[in-house]
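**Q** Dropping the sequence and predicted coords here.
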Amino acid sequence: MARKFNFSAGPAMLPTAVMERAQQEMLDWNGSGMSVMEMSHRGKEYMSIATKAEKDLREVMKIPDNYKVLFLQGGASAQFAMVPLNLLGDKQSADYINTGIWSKKAIAEAKRYCSVNIVADTSDNGFTTVPTQAELKLNPDAAYVHYTPNETIGGVEFDYIPETGDVPLVADMSSTILSRPIDVSKFGVIYAGSQKNIGPAGLAIVIIREDLLGKASESTPAMFNYKTHADNGSMYNTPATYSWYMAGLVFEWLKEQGGLTAMGALNKRKADKLYTVIDNSDFYANPVSTHARSWMNVTFTLADPGLDTSFLAGAAERELITLKGHRSVGGMRASIYNAMPEAGVDALVAFMREFESNQA
Ligand SMILES: *Cc1c(COP(=O)(O)O)cnc(C)c1O
């Protein structure tokens, strides 16, 4: 078996132990004589899988009891519409922080439903930093404040949770959820697509404070109403059963790793190793302000972009794959989510040093 170190931004690596477990259980889950893929979502076997996954996620993230956890479909992108559809209530506007490409997509979608106030925008400096709390021009009348704690493409991450007073804070945590402990009680809604740090694609997790349910207008499609899913245990229709099961295995794996405190320490160390090589070199560069550098998506450029192709080829020879940066940013991007072993980062660091010294 040849597993490569896959630095893809998403879908991304999953823990090998999780996939081995899924492989063992593939044809016969726990003596049921069925694959999880073949089970009725309302049967007792699947219900036990779904319930345990939620319980483990609640435990790992320390989710308070007054929050619902929803297992939905449509990825994070469906949430760009579901957030305004469900949270506007009788308000006319929402505040959005614009820190990059994913923020922009959320903003474009929200504009279909309300007037969007951009309360901070870092496009002037090419999305290479995050605004400070003092720079946020928040509106007390906003229905909510939306931000993207980690911009997956730019490799820019908030190093603080914005303070929004009584206005609910909404976070697209797709690429940073589960990377370290966070205080869920600071948020009205947290949502994330699954394919970065949760499990296979096909699932979106929404963590919503209960008092924010039930504000959607009558015309909101049932499938786009959080209350529909909250009232039906995310089984109003057939959920993404297999992805939900796999996410549950990942949550169990996280507990075995020591939970999010241990994960956070490991993730910080992994990121620091890469930024150290970049900063100690005249050959590699990363434009992001030090305090706003992502722990999950490390972007870097080579002094001569003409060498990008040979860098990628050399990396691939060493089993280090999918390092090409997003087409809008160029250069390289190493996505190092929870499932990327430290050995993968070490191998990349060694290759970067070697490649640089070969240019001298
Ligand atoms: C990947 C990503 C998305 C899009 O997720 P889909 O599940 O493909 O809709 C949205 N926001 C962020 C921050 C992402 O990283």
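**A** Received, thanks. Numbers count the residues shown, from 1 in each chain.
**Q** make it CA atoms for all contacts and neighbour counts henceforth
**A** Fine.
**Q** quick one: the helices in the stretch 1-150 of the chain?
**A** Remark: helices assigned in the stretch 1-150 of the chain by DSSP state H, counting those that start in this stretch are 16-24, 44-61, 75-87, 101-110.
**Q** got JSON lines for these, with mean pLDDT and distance to the ligand too?
**A** Below are these laid out as JSON lines (pLDDT from 0 to 100; distance: least, C-alpha to the nearest ligand atom, whole Å):
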{"stretch": "helix 16-24", "mean pLDDT": "98", "distance to the ligand": "21"}
{"stretch": "helix 44-61", "mean pLDDT": "98", "distance to the ligand": "19"}
{"stretch": "helix 75-87", "mean pLDDT": "98", "distance to the ligand": "3"}
{"stretch": "helix 101-110", "mean pLDDT": "98", "distance to the ligand": "5"}
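**Q** I'd like the ones you listed as CSV, with mean neighbour count appended.
**A** Output for these, formatted as CSV (neighbours: other C-alpha atoms under 10 Å):
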stretch, mean neighbour count
helix 16-24, 14
helix 44-61, 17
helix 75-87, 21
helix 101-110, 19
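**Q** Out of those helices, which gets nearest to Ala216?
**A** With C-alpha to C-alpha as the measure, helix 75-87 is the member of these nearest Ala216 (4.3 Å).
**Q** Return the list of helices and strands in contact with the closest one.
**A** Packed against helix 75-87 by the contact rule (3 or more C-alpha pairs under 8 Å, 6 or more residues apart in numbering; DSSP states H and E) you find helix 101-110, strand 189-193.
**Q** so how many other residues sit close to Pro140?
**A** 14 (other C-alpha atoms under 10 Å).
**Q** what's the answer for Pro11, then?
**A** Per other C-alpha under 10 Å, the neighbour tally for Pro11 reads 16.
**Q** For the closest residue to it other than its chain neighbours, which residues are in contact?
**A** What sits nearest to Pro11 in space, not counting adjacent residues and going by C-alpha to C-alpha, 6 or more residues apart in numbering, is Gln195, at 4.6 Å. The contact partners of Gln195, taken as C-alpha atoms under 8 Å, 6 or more residues apart in numbering, are Gly10, Pro11, Ala12, Ala201, Gly202, Leu203.
**Q** All good on my end, thank you.
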